[in-house]
Every structure is written in C-alpha cells, then in structure tokens.
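S.K.: 3D model of this:
(chains A and B)
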Amino acid sequence: MKIMIVDDSSIMRRAITKYLAPLGYEVVGTASNGQDALQLYQENPADLVTLDITMPQMDGLACLQALKDLNPRVRVLVISALSDSQTGLKALKLGAQSFLPKPFTEAQLVNEIQRVAGVQK
Amino acid sequence: MTENELKFFIEVVTDYFEQVTGESAVMGIPYIKSDEPAVLSFTGLIGISGPRKGAIYFTAESGLLTTLTQEILDLADPDDDSLLDMVGELTNTIAGNVRKSFGSDFLISVPMLIKGRPTDILMRLKPPVFIVPILWRKDKAFLAVGLE
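M.R.: Numbering: from 1, shown residues only, chains lettered A, B, ... in the order given. Below is the predicted model:
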C-alpha cells in the first residue's frame, strides 16, 4: 500500500513516517500544505493519505475535497488537533475514512492506519 | 476571558504531556502580565479569530523542546529548526484541542514560530494576558493566553 503524509509540521511528518515504517507500507511522499499535496498526488498517487487540517496555503479540508474529486476511492485519515466534534464530522462528510485527534500515540496511529487500510476492522 | 476558560487550556496542556511522554507537566499559579512578557528562547504563537479574538503562545527553552523531540523522534541532537517546529506543533495542538470547549468557531491560525525573545509579543494578545507557568521534568515553560 502506498501512503502519502501531509502535515505542516516536519516533526509530525517524520513521526508518522517512523511509526509506519514497521508496517512495511511505502511512503510515496510527504507534503507540508494542501496545494503541494495535490500536486504530489497527481504525480504519484497514493492509496492512503494522512491529512492534517490547519496548514498554510490550502487547508486539509479543502485538500480532502480536491483529493476526493481526483479519486473518490482514495482513503484518507485526517489527523488534526482540531478536536471539536463538528470538525471531525465535516471531515467524514467530505469523505475521510477516519479522524485521529492530536496528540496521538504510536499505537493509536498504527491501529487507525490499519483500520483505514482495511487490514483490521 | 474567565478563570474557568483558562482551566480548559491548563487541562489540554496537562493532557498533552501525559499523552506524549507519559509524564504530566506541573502547572503553576496563573498570573496576569501587562508589561514585560514572559518569553523564553523558542515560541509558537497562534492567532485566534471568530467570536473570540486574540492569541496564545507557548514558550520554552531548548532543553524542554529537545527532550520532547527526542521522545517523539528518537533524534539524538535536534537542530534549532526542529525545536521551532516542535514548539509550533505543541502550540497548534493546544489551540486546536481547546475547541472541544470553545467550539468550532474558535478559529486558529497556523503557528508563527519565533526564535529569541521579542519584546513586543504581548501586543498580539488581547488583555488581560494570563500567563501559566509550566514545569515538566526539570524544565520550565510558559503558556500565555490573551483573548477578548
């Protein structure tokens, strides 16, 4: 499975990459904003995208909508500190498969990624 | 801003350190600052808009941020850019998490990352500015909250 990681924090991008390494997924790219993520996705499509919301240039919710327009089947796990229920619901309505609030542990991320990837129900 | 609202921020900071490191941070007694700002070497500042206007910032020395970065990434010696990124992500998480209490119209900006000790930082916050002293392990930090 090919994974793309989108977050404006390099610490978060590196942490997610590190936590996913033992699962054997291929990280096809990382991006720090929604605009770069869309360009990267068009050049090298991923099966699953982890997507932050609060980012410069294009936020995660706008990016989610654009990703789903490009490929309705792409699986998206939104990972955000915006932990109010309305934001989570909005992400799900836009087509995200799941929402993981920050801060998260390695175990929580792995569990959620496997659920979204369909490895675990 | 009410005392009760300040508690939302304190709870979120406590939860953050507990969840990320397994070790809670100790909160000191909050006080109101109006003249000289409480600023340490690395600061993340987030502007708040919507019905509540103002800003918050989290400020710390390199020691706390280095340990935190090492906990997350196993990096032996994180550089200053990583420490700035860490303080920005921490501030973003605090501001985002309090939406559980303030609601989704508590709109937060992307973090502004500041290295050094700016003297004009309080101008970005709406008075009264509450300062919450934080002690995590041996390192101190401050959370400043200034909202209408």
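S.K.: got any ranges where chain A has weak pLDDT?
M.R.: Applying pLDDT under 70 to chain A flags residues A:120-121.
S.K.: ranges for the helices of chain B?
M.R.: B:3-21, B:62-73, B:80-97, B:99-102 (DSSP state H).
S.K.: helices or strands up against the shortest one?
M.R.: The helices and strands touching helix B:99-102, judged by 3 or more Cβ pairs under 8 Å, 6 or more residues apart in numbering or on different chains; DSSP states H and E, are helix B:3-21. Every C-beta, even on glycine, is put in place using the N, C-alpha and C of the backbone.
S.K.: now check the helix it packs on, is it near chain A?
M.R.: Yes: applying Cβ under 8 Å from any Cβ of the partner chain, one finds helix B:3-21 in contact with chain A at B:16, B:19, B:20.
S.K.: quick check: buried residues in that helix?
M.R.: Residues of helix B:3-21 classed as buried: B:6, B:8, B:9, B:10, B:12, B:13, B:15, B:16, B:17, B:20, B:21 (neighbour count, 16 or more other Cβ atoms under 10 Å in any protein chain shown).
S.K.: about what we covered before: quick one: closest of the helices of chain B to residue A:72.
M.R.: helix B:80-97 (27.7 Å; Cβ to Cβ).
S.K.: hmm, that closest one touching chain A?
M.R.: Yes: under the criterion of Cβ under 8 Å from any Cβ, chain A is reached by helix B:80-97 at B:81, B:82, B:85, B:86, B:88, B:89, B:92, B:93, B:94, B:95, B:96, B:97.
S.K.: between the residues you listed, which has the most around it?
M.R.: Within the residues of helix B:80-97 next to chain A, neighbour counts (other Cβ atoms under 10 Å in any protein chain shown) peak at residue B:95, which reaches 30 neighbours.
S.K.: on that earlier part again, with respect to residue B:61, which of the residues of helix B:80-97 next to chain A is nearest?
M.R.: Of the residues of helix B:80-97 next to chain A, the one sitting nearest to residue B:61 (Cβ to Cβ) turns out to be residue B:86, at 12.1 Å.
S.K.: residue B:65 is in contact with the closest one, correct?
M.R.: Yes: taking contacts as Cβ atoms under 8 Å, residue B:86 lies within contact range of residue B:65: 4.8 Å.
S.K.: return every residue with contacts to both of these two.
M.R.: Here residue B:86 and residue B:65 share the contacting residues B:42, B:78, scored by Cβ atoms under 8 Å, 6 or more residues apart in numbering or on different chains.
S.K.: returning to what we had before: make TSV out of the residues of helix B:80-97 next to chain A and add distance to residue A:54 and pLDDT.
M.R.: Below are these laid out as TSV (distance: Cβ to Cβ, whole Å; pLDDT from 0 to 100):
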residue	distance to residue A:54	pLDDT
B:81	19	97
B:82	19	97
B:85	14	98
B:86	16	98
B:88	11	98
B:89	10	97
B:92	6	98
B:93	10	98
B:94	12	98
B:95	9	98
B:96	7	98
B:97	12	97
